[in-house]
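Enquirer: Below is the structure, and that's it, no one-letter string:
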């Protein structure tokens, strides 16, 4: 693990903010207190950690949870052996990671995956091997529109819709400039959905696309400025989002627009890095429970990380998602017949059967279902960047967009509505 | 004419190595290493192209990975847009890349040395942006063929559906690439290149059409790069712009020099350093960032200590050993 | 005749720029937007130019085309961020940036570059990429990925130019690049070391025979390059973003700027870099080309290089 001073600081802040209940004992799986000793069950996970980003927090949290489960009776007495590979943001390495975890190892499922490219490369491999992937940090359309992938986080599309909906309902937005990455399965996909949503509400949205290879964001900001929009949606990773906001600060554009963003800006180091100019003026969608809420799962997640994780495992949204994927997976496994938990096909079937799992970390119920698309999480919170952190401005709300019609149909079928 | 088919000791060792890769390796490797070896084999072919250009003509191409991207793009486009068999697509992508390489190279042929290298670097930088902007075809409509959502399945060659068979297939293609280079070296173009390498003016005076033979060499380099990219596309079923950055093209050239541009072993060593060493380090649990440090340090060390590349060093060691033995026998 | 061809190049540049700006701004929604894009482009262009100047100064004096300048600047900028984060007085952190960048560049220049002196120019150039990877790997290892930013006091001061608020930092970068070009020109023209540098650039072997202290001259060139890399890195981190990978690979468009000056003419590097920034920004006005606008530096550099090669002359004859 890397010695990262910033993350240590952020973790300390998170722990302090949560106060003394954070030291409650971790509860996991069967919660027997007895270590599991049987034959191990293999579970895989792939994260991306190299330039340009470190997406390890979901697998870190999942690993901590599995360690806790193993110390608490495992899966019917059998420990989980969690094998994690790094795709290094490289499509070949991603394919190789899946080859190793899915084809060379008898894994029963993949849990906690966090990557920007792995899912696009491996969606076919997962389908061919009939293995289910309960991902946690997903940013591309393949995570939500292929049969074998289901992700706990929302990804860019719902989170952007949530932010757009808030701006339309509360800030009076009529024309949104959606500043996305010029990548079909990420920025274009999600900005198109925002346009569709705004049209359904009688407004409009203009896509302003930034080439990921372009260092300079100023020209894109000027393009957004020229589009005549009243609201700017910064649909970008945190690094580029900071660059856009600092360019806007330079032009003193703060009061000319509403500024909204999806979850990537919900990062504890963002308010400090942005500076006081922006405090109170940027609204961010949080796709899982904001980190200062103290529900049972929120506290248990921190307790699990404290007891079974590494000190520098990030306490962030993707970490929450990793914890949740692992917890739901273990819950489904414990509900299975003990004889079947080592059988990939039966485990896949059990995962597809997941329906109506709930947690205080998530607004809606979690389910998988047998479909070619999965997006259980499409409700969230809206927070505002303030000095030293974030303030909730809108509690759990479900996003309302034509995109979710087919998901709602499945939820109705499963009896979740 | 007999000289044309003469097999040198180095040639025998190359054929032996190819036989080893084709016959034995697919039987021994698991799915992970099969995938690693397949991409290494693709890059061997591409590196053979750059190394050939550098060793035979002293020309530097810093755009080889970009050309692989062009080959891969054409392959994916044809695969999703037509029903042609894989082999036809492979040949078409290689030829299209060759033509593309010519278009890039023709105006630049008057440049030499560093300046030619820099023009090719600019081409690589441009291709990087184009790939990042338009992405690779994955079964969508229109010229760019990009669809949002899950991509269409890729048709692998009928002869090589399994990963084992595909590694054999790529290895055979790479072997054919090496034979193509060797054949050229032994025929008229080889002699013309040798003269051009010595002195362009002398070659011109001797009636060699310098432009034609330089273009020809660039064409072969592009052909091999395009084929390599098409084979890589076949291995993964899709491509990502992250593979084809300009810095990767520079890296491939650097590795070709480090491996030893004059020998076939050099291309194999370079591809192994590029594509097998990182997974090996990751298997040993080395942090991905530190793996970069090790990789960079190894590259510098090899550039400093091995003038003929690692292959040259190894050959030197073997020759010296034999010489010692002979002396001892005498 | 030589003079005529020299002016013809500048004339061609002026005509081309006028045409490009004219065509691109034809469809501008508001004429004021053109001014905005030009002002914004000049800032990016200054960064390209700064990077290019560092490359050219070093290349002329040592024959090394340095791909590692961006990585050294990235290491410096990250150091500056870290020092500020620890609560150290900002001016010290800026000096820290320059010092780290200088140390990294000098390390390469004194310990590694001499061992490669006998190799091809191109091989010397690509070897620096290996070094860039080492530096980048270490930087990414020490500072895990996290949103970061750097602020300079000059960010708060600004004036309106062409309808755009331009911060003092942007002005600083612009005037610094101009001042550096003039300063280095004066240094090369009027000092003894400058003379020796020019002679090294002209003919290394002959200069060595003449007894020019190559080691000393080269060390000075590496020092200039290191400080320039640090300054560029810090400015880039403030104006564009503080991400090591982005700063490291900024070196490729910087090489494009260097090519505009044929790796020797600093004025042309400056003008070339600025033109690239302006054209890249103005491309935003063109709907079909908007998406690929970062391609501008590469296309411009290639066109310039080919333009300078027009006619049959092998103008880069001799050793290179």
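Expert: Structure's in. What do you need? Because the structure is predicted, anything quoted here is derived from the model rather than measured.
Enquirer: Now residue A:312, what are its backbone angles?
Expert: Main-chain torsions, residue A:312, degrees, to the nearest 10: phi -100, psi 10.
Enquirer: Tell me the predicted confidence for it.
Expert: Predicted confidence (pLDDT) at residue A:312: the value is 83.
Enquirer: where does the stretch 1-150 of chain C come near chain B, residue by residue?
Expert: C:65, C:67, C:112, C:115-116, C:119-123, C:125-127, C:129-134, C:136-138, C:140-141 (CB under 8 Å from any CB of the partner chain). Glycine gets a C-beta too; all of them are placed from N, C-alpha and C.
Enquirer: can you pull the contacts of residue 110?
Expert: You didn't say which chain, so I picked chain A. A:43, A:44, A:45, A:46, A:101, A:102, A:126, A:131, A:132, A:133, A:134, A:135 (CB atoms under 8 Å, 6 or more residues apart in numbering or on different chains).
Enquirer: that answer is for a different chain, and I need it for chain C
Expert: Taking CB under 8 Å, 6+ apart as the test, what residue C:110 contacts is C:219, C:222.
Enquirer: Quick check: it vs residue A:47, distance?
Expert: Noted for residue C:110: a distance of 40 Å to residue A:47, by CB to CB, to the nearest Å.
Enquirer: For residue A:397, the count of nearby residues, please.
Expert: Residues contacting residue A:397 under the criterion other CB atoms under 10 Å in any protein chain shown number 16.
Enquirer: I'd say it and residue A:379 touch.
Expert: Yes. Contact criterion CB atoms under 8 Å: residue A:397 and residue A:379 qualify, at 6.2 Å.
Enquirer: Find residues that contact each of those two.
Expert: A:162, A:363.
Enquirer: Only the buried subset of the residues of the stretch 1-150 of chain C next to chain B, as a ChimeraX command please.
Expert: Selection of the buried residues among those in ChimeraX, burial being defined by 16 or more other CB atoms under 10 Å in any protein chain shown:
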select /C:65,67,112,116,119,120,121,122,123,125,126,127,129,130,131,132,133,134,136,137,138,140,141
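Enquirer: tell me, what residue is most central in the chain?
Expert: Since you didn't name a chain, this refers to chain A. A centroid search over chain A (CA atoms, centre = their mean) returns residue A:153, at 3.0 Å, as the residue closest to the centre.
Enquirer: could you do chain C instead?
Expert: So for chain C, CA atoms, centre = their mean, it's residue C:51, sitting 1.4 Å from the centre.
Enquirer: Following the chain onward from the helix or strand that residue falls within, which element is next?
Expert: In this assignment (DSSP states H and E), residue C:51 forms part of helix C:31-62. Using DSSP H and E, the helix or strand that follows helix C:31-62 in sequence is helix C:69-85.
Enquirer: can you pull the buried residues of that next one?
Expert: C:69-84.
Enquirer: The helix or strand encompassing residue A:68 and chain B, any residue contact?
Expert: Per DSSP H and E: residue A:68 is located in helix A:57-70. No. Using CB under 8 Å from any CB, helix A:57-70 stays clear of chain B, coming no nearer than 13.8 Å.
Enquirer: Averaged pLDDT, that helix. What do you get?
Expert: Mean predicted lDDT for helix A:57-70 stands at 94.
Enquirer: anything in it near chain C?
Expert: No. Helix A:57-70 stays clear of chain C (CB under 8 Å from any CB), getting no nearer than 10.4 Å.
Enquirer: after that helix, next one along is what?
Expert: strand A:80-86.
Enquirer: which residues of chain C score low on pLDDT?
Expert: For chain C, the stretches with pLDDT under 70 are C:1-6, C:163, C:310-320.
Enquirer: circling back: counting only helices, which of the residues of the stretch 1-150 of chain C next to chain B make the cut?
Expert: C:121-123, C:125-127, C:129-134, C:136-138, C:140-141 (DSSP state H).
Enquirer: Restricting to those residues, which residues neighbour chain A?
Expert: Okay, of these touching chain A (CB under 8 Å from any CB), that's C:136, C:140, C:141.
Enquirer: List the contacts of the second one.
Expert: Okay, so that is residue C:140. A:50, A:51, B:289, B:292, C:244, C:245.
Enquirer: Number of residues surrounding the residue of the stretch 201-330 of chain B found nearest chain A?
Expert: As assessed by CB to the nearest CB, chain A sits closest to residue B:240 within the stretch 201-330 of chain B, at 4.0 Å. Around residue B:240 sit 20 other residues, with neighbours defined as other CB under 10 Å.
Enquirer: ok, now which ones touch residue A:63?
Expert: A:45, A:82, A:84, A:112, A:309.
Enquirer: Which of those residues has the largest number of neighbours?
Expert: Ranking the contacts of residue A:63 using other CB under 10 Å puts residue A:112 first, with 36 neighbours.
Enquirer: From what I see, that residue and residue A:57 are in contact.
Expert: No. Residue A:112 is not in contact with residue A:57 according to CB under 8 Å; the separation is 9.5 Å.
Enquirer: List, one by one, the residues from the stretch 1-150 of chain B near chain A.
Expert: So far as CB under 8 Å from any CB goes, the stretch 1-150 of chain B lies against chain A at B:30-32, B:34-36, B:39, B:128-129, B:132-133, B:135, B:146-150.
Enquirer: any idea whether the closest residue to residue B:279 other than its chain neighbours is helix, strand or coil?
Expert: Sequence neighbours aside, residue B:36 is the residue nearest to residue B:279 in space, at 5.0 Å (criterion: CB to CB, 6 or more residues apart in numbering or on different chains). Following DSSP: H, G, I helix; E, B strand; the rest coil, residue B:36 is assigned to helix.
Enquirer: All good on my end, thank you.
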